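Student: how would this look folded up:
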Amino acid sequence: VQLQASGGGLVQAGGSLRLSCAASGRSFSSDTMGWFRQAPGKERALVARISSSGSTYYADSVKGRFTISRDNAKNTVYLQMNSLKLEDTAVYYCAAMTLFSTQYDYWGQGTQVTVSS
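Tutor: Next up is the predicted model:
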């Protein structure tokens, strides 16, 4: 079972990036999928999540700028990040919470997003 995050990079403030998280080894269509981020010296924090039914949650800091989506046919979850700010710089991780679980059971390896001025 593997989650492979990709799409990070260096972008100027105000720019956009789209992160992808491809899952393999099992179907994740019944799972809640989340994107987390961890900035240097800070704890990892939830950025957005999407349930199996498509319900979404966003942290206040990204609301209106980030969009999480999923393509169950491709076993992939996305994070569209627009109007990026310097404070969005972090390593971004995707994770999966399986049905009936109360924690995220599977984690990707992380992808670096760096926003420059």
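Student: residues contacting the closest residue to Tyr58 other than its chain neighbours?
Tutor: Nearest non-adjacent residue to Tyr58, counting by Cβ to Cβ, 6 or more residues apart in numbering: Ala48, 4.9 Å away. C-beta coordinates here come from the backbone N, C-alpha and C atoms, glycine included. Applying Cβ atoms under 8 Å, 6 or more residues apart in numbering to Ala48 gives the contacts Gly34, Trp35, Thr56, Tyr57, Tyr58, Ala59, Val62, Phe66, Thr67, Ile68, Leu79.
Student: what ranges does this structure have for its strands?
Tutor: For the chain, the strands defined by DSSP state E cover 2-6, 9-12, 17-24, 32-38, 45-50, 56-58, 66-71, 76-81, 90-97, 106-107, 111-116.
Student: those strands into a markdown table, with extra columns for mean pLDDT?
Tutor: A markdown table is the format used below for the strands of the chain (pLDDT from 0 to 100):
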| stretch | mean pLDDT |
| --- | --- |
| strand 2-6 | 96 |
| strand 9-12 | 98 |
| strand 17-24 | 96 |
| strand 32-38 | 98 |
| strand 45-50 | 98 |
| strand 56-58 | 98 |
| strand 66-71 | 98 |
| strand 76-81 | 98 |
| strand 90-97 | 97 |
| strand 106-107 | 96 |
| strand 111-116 | 98 |
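Student: only whichever of the contacts of Ala48 are buried, select them in PyMOL.
Tutor: For the buried members of the contacts of Ala48, the matching PyMOL selection, counting by 16 or more other Cβ atoms under 10 Å, is:
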select buried, resi 34+35+58+62+66+67+68+79
